[in-house]
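Chemist: Structure of the sequence below:
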Amino acid sequence: MIKRIAITGPESTGKSELAESLAKHYHTTWVPEVSRYYLENLDREYIYDDILLIAKQQLETENNLIIKANKILFCDTELIVTKIWCEFKYSRCHPWILEQIENHKYDLYLLTNIDLPWQPDPLREHPDNRKEIFELYLKEMEKRDLPYKIISGTGKIRLLNAISIINSVFDIKELK
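Modeler: Numbers count the residues shown, from 1 in each chain. This next block holds a predicted model:
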């Protein structure tokens, strides 16, 4: 059975780089963040309902890519990200997203810490709210009793910390 590992956390915490690097290390595939592609190709400001479309596309992409995975599938973002995004921006969340969070679990959530410097990007919105948003992620992990670990460190250290945690959680001795 394929293990699903979600890379989750606030903006500008290295989720995409970590997901791609972990997939390379474990010789498997990863699910890119759909929202980036969606928003870059939108010819208007996004609205509340766009987040629901993004969430559906994210889950669909994940379900399509799992067949290419080699024992582990790394997911650059997951639906808790869309929940927190909706609630932070619009003070509400689509019921479909909430239902899917309950029904679509991961074997491990890697919560990326805010110890990386903020990287400006036209799609990023909350450089001054990182600590507050990180706390929202922590509360979600705890409230839902999800298996999570916080990933800290910069550069290669961040990757090595994640690898060490994954190897320990899943008792991985060698790569195949």
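Chemist: which strands and helices sit next to the lowest-mean-pLDDT helix or strand in the chain?
Modeler: Sorted by mean pLDDT, DSSP states H and E, the helices and strands of the chain end with helix 34-40, the least confident at a mean of 91. The helices and strands touching helix 34-40, judged by 3 or more CB pairs under 8 Å, 6 or more residues apart in numbering; DSSP states H and E, are helix 48-65. Heads up, the C-betas are built off the backbone N, CA and C, glycines and all.
Chemist: ok, then the element right after the helix it packs on?
Modeler: strand 72-76 (DSSP states H and E).
Chemist: So what's the gap between that following strand and the chain middle?
Modeler: With CA atoms, centre = their mean, to the nearest Å as the basis, strand 72-76 stands 9 Å off its chain's centre.
Chemist: How far does the least confident helix or strand of the chain sit from its chain's centre?
Modeler: With CA atoms, centre = their mean, you get 14 Å for helix 34-40.
Chemist: Likewise for stretch 160-170?
Modeler: Worked out by CA atoms, centre = their mean, stretch 160-170 lies 17 Å from the chain centre.
Chemist: returning to that earlier point: contacts for the least confident helix or strand of the chain?
Modeler: Residues outside helix 34-40 that contact it (CB atoms under 8 Å, 6 or more residues apart in numbering): 16, 46, 50, 53-54, 57-58, 61, 77, 82, 123.
Chemist: got the buried residues for stretch 146-164?
Modeler: Residues 146, 148-152, 158-159, 161-163 are the ones in stretch 146-164 that count as buried (16 or more other CB atoms under 10 Å).
Chemist: could you redo these as a markdown table and give each row secondary structure?
Modeler: A markdown table is the format used below for these (DSSP: H, G, I helix; E, B strand; the rest coil):
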| residue | secondary structure |
| --- | --- |
| 146 | coil |
| 148 | strand |
| 149 | strand |
| 150 | strand |
| 151 | strand |
| 152 | coil |
| 158 | helix |
| 159 | helix |
| 161 | helix |
| 162 | helix |
| 163 | helix |
